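Novice: just coords:
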């Protein structure tokens, strides 16, 4: 069998009275990384997540996707909070935290009571509302912490012409294709 670095295989029993030989392929095209022989075992490839922490040298905490939605109406803060709280409860990945201990990355899923992040700003009547919004949006984007979470943060901004909802989600939770 052959798996990409990010795939999993469950090997039950033996094949032709020999252990299963599993080849692990680098999903980024670097060829076969190696083989393992297993029986009654699971082979789990950590793939892009492990590469993200070890090989790629980017600012880990600030590697996120952001979208700013505009509404001509005033969005209800409690409705936004209720919708995204439910979303965070439903999707475990939004409640993950990542800590590096002794050179290993440890991923933990926090409970349903995990804090939700929604910052609300009222810039109605402010001449520099757009600049204020941009500053706060940058603050929200740069505030994601892999160790402490949450990996999704929201900003709700009230302006004279309506509302803006900023949604920021770390790349470990969602990829660029899915985000679109």
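Specialist: Perfect, thanks for sending it. Quick caveat: nothing in here was measured; it's all calculated off a predicted structure.

Novice: okay, CA-based contacts and neighbour counts for the rest of this
Specialist: Noted.

Novice: Residue 174: neighbour count?
Specialist: For residue 174, the count of nearby residues is 14 (other C-alpha atoms under 10 Å).

Novice: what pLDDT does it get?
Specialist: Turning to residue 174, the model gives it a pLDDT of 77.

Novice: Okay, and it sits in which element?
Specialist: Using DSSP states H and E, residue 174 is not contained in any helix or strand.

Novice: how close does it sit to residue 94?
Specialist: 9 Å (C-alpha to C-alpha, to the nearest Å).

Novice: now residue 162
Specialist: Distance from residue 162 to residue 94, counting by C-alpha to C-alpha: 28 Å.

Novice: The two: which is more packed in?
Specialist: residue 94 (24 against 14).

Novice: which SS state does the more buried one fall under?
Specialist: For residue 94, the assignment made with DSSP: H, G, I helix; E, B strand; the rest coil gives helix.

Novice: thought it was touching residue 152?
Specialist: Yes. Contact criterion C-alpha atoms under 8 Å: residue 94 and residue 152 qualify, at 6.2 Å.

Novice: Helices of the chain, start to end?
Specialist: For the chain, the helices identified by DSSP state H occupy 47-54, 77-90, 129-142, 176-179, in order along the chain.

Novice: And the ones you listed: which comes nearest residue 102?
Specialist: The minimum distance between residue 102 and these falls on helix 47-54, with 13.1 Å, by C-alpha to C-alpha.

Novice: neighbours around the closest residue to residue 66 other than its chain neighbours, how many?
Specialist: Of all residues not flanking residue 66 in the chain, residue 168 sits nearest, at 4.3 Å (C-alpha to C-alpha, 6 or more residues apart in numbering). Applying other C-alpha under 10 Å, we find 22 other residues in the vicinity of residue 168.
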